[in-house]
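Asks: just coords:
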């Protein structure tokens, strides 16, 4: 027996899921909202025409189906136009991680086989450095925030706005296989070269539909992003397509604000002046925005912010709520496009004591539609959703990278037993909420027990004198590993011994074991961060090892 | 050149879009809402287990991949379980239109090649009549609302609840091609036999995601269906899967109320007692509910209702609003799964004068995400979206029937030039709103002009003495056709001549031409309706022709 698949009428439209259809959907709202970026302000009708002009510009640059276009830009209307035009002509958009080192950038551009590079003035020095080493690049387009400026020293096809102005205003976007690769970008692991992930048109369309559903259903007070609201990304567009929310916002036809280079005062000013109601960022950036000098003149009330990338702490959540900002947590990673789960806040949750509300907001949240999340023990057995058992998060969803770009053996490590292995350790509560406990590699393995470094960080961050904290496991002859804490204190007269006193209450309540109290604490001015703003535990480990060796 | 399609990791999960994944999503909410049906009340966890039990029951009945299971039932938990279990085992669910004549039902069951029939007590007489003529049916399962009742006279496998109780509680639902047919049902045309439409797993999953997005974004006051609300269908489940909303409601995990046979007093009581916040129905049913005797004891405030099937009149919309009911219009048809467009009501719309608000609510609305609607002139040229030009509505979306079941030549008529032809005549406003003017076949072609019978019905329905009205074109030697109106007056002393006086104001304002005023009016007690409650213009035309002949 087999399921029945019937023949379609000859003229029936098969409707492949393609990114161009998100833009067709946006045309319903042509007469309404605007897309704002620096000095530019476009209607959706203008934006649509610019995508057509960009497609013709790319064609003139010799780009066609299967070619790769790299973009090095801050978050701008240009980037958004590339999100659409590049995949819509059948090419692949490589969103270059501009926070990598020049040699890593060179590696990724050669590895992705970029054919054309769109590069902002600020990154010309990098390109100048590596240009001779880029083996596949045939041409460049210059991006600038200084309208009409020229740069004769940089050899290229021309400047973006000038090229668009000259281009034809209509492009006949073709249909093709929905499984065609649309985007690719690189994620930095703890070892070795950056790895490339990639997503197809089908995956991005499905992720977009899911993102809209998720944003619409996670607060009993209504959608996180409403049609009369305004969206501003504060997670870079090179980082997992700014979580894919620019695609969702465009399909929804809402006002979009692109802040160019992230500058905390500018961000605060844009929130105020453009009426931004919805953003997403890492915790550090949220902290920088609310501590900026412009923050004093800005009413953040009603601003909804999803925190991802690293965990939202109860302390920061409380700070945000005091300002009228509503923080949500989301769970995702480069390999997952990224959305897997997001805080769901019901009317009942709003009745809970503040402490529980905060803890609810800082969990990874409830899986999105069509996302199947399980936790497995090291032997690959599913664990119960009892809020206690913790194991590695494995996932199935329609939008997960199907391998690593040109590195099938690494893809096989990612995908085992038909599930994508996240490397995260979590518990799942009976109500379905996912609670991330740690990264597998960051778990502190001590005396046969696992201590979550994230748990410890959360508890230490509740110490009134602690600004930020990072915990790692360091080698211990007797126990295997022991915890080590790096703390940025709020003031100079911080009493290191008070950390143990503070943690003792959690030992007393049974939340942690007594050997979880770090006996080694280093006070620092800054905690090392990765290029995307996460705590760089790899670097901390290296520093600590070096200190130990000396 | 060709787009790039990369090889997946061997163990990567391809994630076909299958109905079983909607149910997996629902499991997030297992501990929350209930599914109510007659005397039954199930948690989502129980519902999930019942779907597994039903799958095992179907297997025991010899049903496997590619087989067809027919259901003849009122709207019940049983039907919802069939919505999932039948396609989830790879079989096809035929939702039998129980309002067809017995000979039409026989035709559809033979044409769909039903293997197993689940039949409610109320339809046993029909089956008894046609049983000998059903060529492919191998077995029957009896459905009853009278728990524990037996019917020895009806030869079958057993009674539904008893069979489920005996069945294994786990079924290992397989993966298969997402283009496998999941459901099929029949639509009655104006001539000839009913035609079968069919939808694949992929189409139903995409329609579900789209339905949730649409329900979430059409009112500035928030989602039409919220997680703490309750859903009750009042468009039968055999009719385009009750618009596919049971699939959406299940994925969302909301409370669902299944009213069994539609009885206006029961419907009003359920709205009150179960706290129903969201439904959908044809205009006639809404009228029956709010005019029922139970309506007097029922507070309808906050009930959101989508009207489809036939057009919502401004009169009925006003009546509903007075009771606190918020009415929306939706546009769809059997061939389109059905959703194409729905009213979008913004904060600005709520500021409009009542008349304009009503007119806004009675339009077909704004296309949903991924739905590409165009209007074409008879030569196949796209017409501008200026609110004036009107032409046939043609559509592309990921969830349109790809042909008619086993009738490819009729499928070729439906699909022409790569677009599905709806047979509806509409204008599209500059803001994207679709305004249905008429069915192509119901347009009155007079003196080289087209008069919309729906326009005329709307204007005549605004006459204070008119309860309901139907307008058709009748043959006219001089003009080709002339309008003919059939009116149900509110009272016996209705003055027929007042209709012309009433319409003269619209002639004076230029809304209609003077030859649009019907010179022939018939007063009746009831207007003929089709099996799904639409005005039966085919029958009216036949009656009028017969009268003319006599």
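Replies: Great, that's in hand. Only a predicted model underlies this, so the values are computations on that prediction, with no experimental measurement involved.
Asks: for the rest of this, base every contact and every neighbour count on C-alpha atoms.
Replies: Noted.
Asks: what secondary structure does residue A:482 sit in?
Replies: At residue A:482, secondary structure determined by DSSP: H, G, I helix; E, B strand; the rest coil is strand.
Asks: contacting residues for it?
Replies: Neighbouring residues of residue A:482 by CA atoms under 8 Å, 6 or more residues apart in numbering or on different chains: A:444-446, A:473-476, A:515-516, A:518.
Asks: so which residues of the stretch 201-350 of chain A form helices?
Replies: A:201-217, A:240-243, A:245-252, A:264-273, A:283-290, A:314-322 (DSSP state H, counting those that start in this stretch).
Asks: looking at those helices, which is closest to chain B?
Replies: helix A:201-217 (5.7 Å; CA to the nearest CA).
Asks: identify the residues contacting the closest one?
Replies: Contact with helix A:201-217 is made by A:16-19, A:22, A:87, A:178-182, A:222-225, A:244-245, A:247-248, A:337, A:339, A:342, A:344, A:368-369, A:398-400, B:209-210, B:212-213, B:216-217, B:223, B:226-227, as judged by CA under 8 Å, 6+ apart.
Asks: the same query, at a cut-off of 7 Å, please.
Replies: By CA atoms under 7 Å, 6 or more residues apart in numbering or on different chains, the residues outside helix A:201-217 that reach it are A:17-19, A:178-182, A:222-225, A:244, A:247-248, A:368-369, A:398-399, B:209, B:212-213, B:216.
Asks: narrow the residues you listed to those in strands?
Replies: A:181-182 (DSSP state E).
Asks: that older thread, for PyMOL, write a command that selects the buried ones of the contacts of residue A:482.
Replies: Buried members of the contacts of residue A:482, defined by 16 or more other CA atoms under 10 Å in any protein chain shown, are picked up in PyMOL with:
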select buried, chain A and resi 444+445+446+473+474+475+516+518
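Asks: residues in contact with residue A:222?
Replies: Contact analysis of residue A:222 by CA under 7 Å, 6+ apart lists A:216, B:222.
Asks: phi, psi for it please.
Replies: For residue A:222, the backbone dihedrals (degrees, to the nearest 10) come out as phi 120, psi -180.
Asks: do the same with residue A:356
Replies: According to degrees, to the nearest 10, residue A:356 has phi -70, psi -40.
Asks: tell me the spacing between it and chain B.
Replies: Applying CA to the nearest CA, to the nearest Å, the value for residue A:356 to chain B is 19 Å.
Asks: neighbours of that residue, how many?
Replies: Neighbour count of residue A:356, defined by other CA atoms under 10 Å in any protein chain shown: 14.
Asks: equivalent analysis for residue A:129, please.
Replies: 12.
Asks: can you get me a residue count around the closest residue to it other than its chain neighbours?
Replies: Closest residue in space to residue A:129, ignoring its immediate chain neighbours: residue A:102 at 7.8 Å, by CA to CA, 6 or more residues apart in numbering or on different chains. Residues near residue A:102, counting by other CA under 10 Å, number 16.
Asks: isn't residue A:102 right up against residue A:126?
Replies: Yes. Counting by CA atoms under 7 Å, residue A:102 does reach residue A:126; the two are 6.0 Å apart.
Asks: ok so, going back, possible to save the helices of the stretch 201-350 of chain A as JSON lines with mean neighbour count and mean pLDDT?
Replies: Converted to JSON lines, those look like this (neighbours: other CA atoms under 10 Å in any protein chain shown; pLDDT from 0 to 100):
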{"stretch": "helix A:201-217", "mean neighbour count": "24", "mean pLDDT": "97"}
{"stretch": "helix A:240-243", "mean neighbour count": "24", "mean pLDDT": "97"}
{"stretch": "helix A:245-252", "mean neighbour count": "24", "mean pLDDT": "97"}
{"stretch": "helix A:264-273", "mean neighbour count": "19", "mean pLDDT": "97"}
{"stretch": "helix A:283-290", "mean neighbour count": "19", "mean pLDDT": "94"}
{"stretch": "helix A:314-322", "mean neighbour count": "18", "mean pLDDT": "93"}
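Asks: just send those back as CSV, with distance to residue B:193 too.
Replies: Formatted as CSV, the helices of the stretch 201-350 of chain A follow (distance: least, CA to CA, whole Å):
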stretch, distance to residue B:193
helix A:201-217, 38
helix A:240-243, 51
helix A:245-252, 41
helix A:264-273, 61
helix A:283-290, 63
helix A:314-322, 63
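Asks: so which of these comes closest to residue A:533?
Replies: helix A:283-290 (7.2 Å; CA to CA).
Asks: what angle do that closest one and helix A:264-273 make?
Replies: 70 degrees (axes from the mean of the first three to the mean of the last three CA atoms, to 10 degrees).
Asks: who does helix A:283-290 touch, helix- and strand-wise?
Replies: Under the contact definition 3 or more CA pairs under 7 Å, 6 or more residues apart in numbering or on different chains; DSSP states H and E, helix A:283-290 sits against helix A:264-273.
Asks: for the helix it packs on, give me every contacting residue.
Replies: Counting by CA under 7 Å, 6+ apart, A:259, A:288-289, A:292-295, A:298-299 sit against helix A:264-273.
Asks: now the nearest residue to residue A:186 once chain neighbours are set aside: how far from residue A:440?
Replies: Spatial nearest neighbour of residue A:186, chain neighbours left out: residue A:196 (4.3 Å); criterion: CA to CA, 6+ apart. For residue A:196, the distance to residue A:440 (CA to CA, to the nearest Å) stands at 21 Å.
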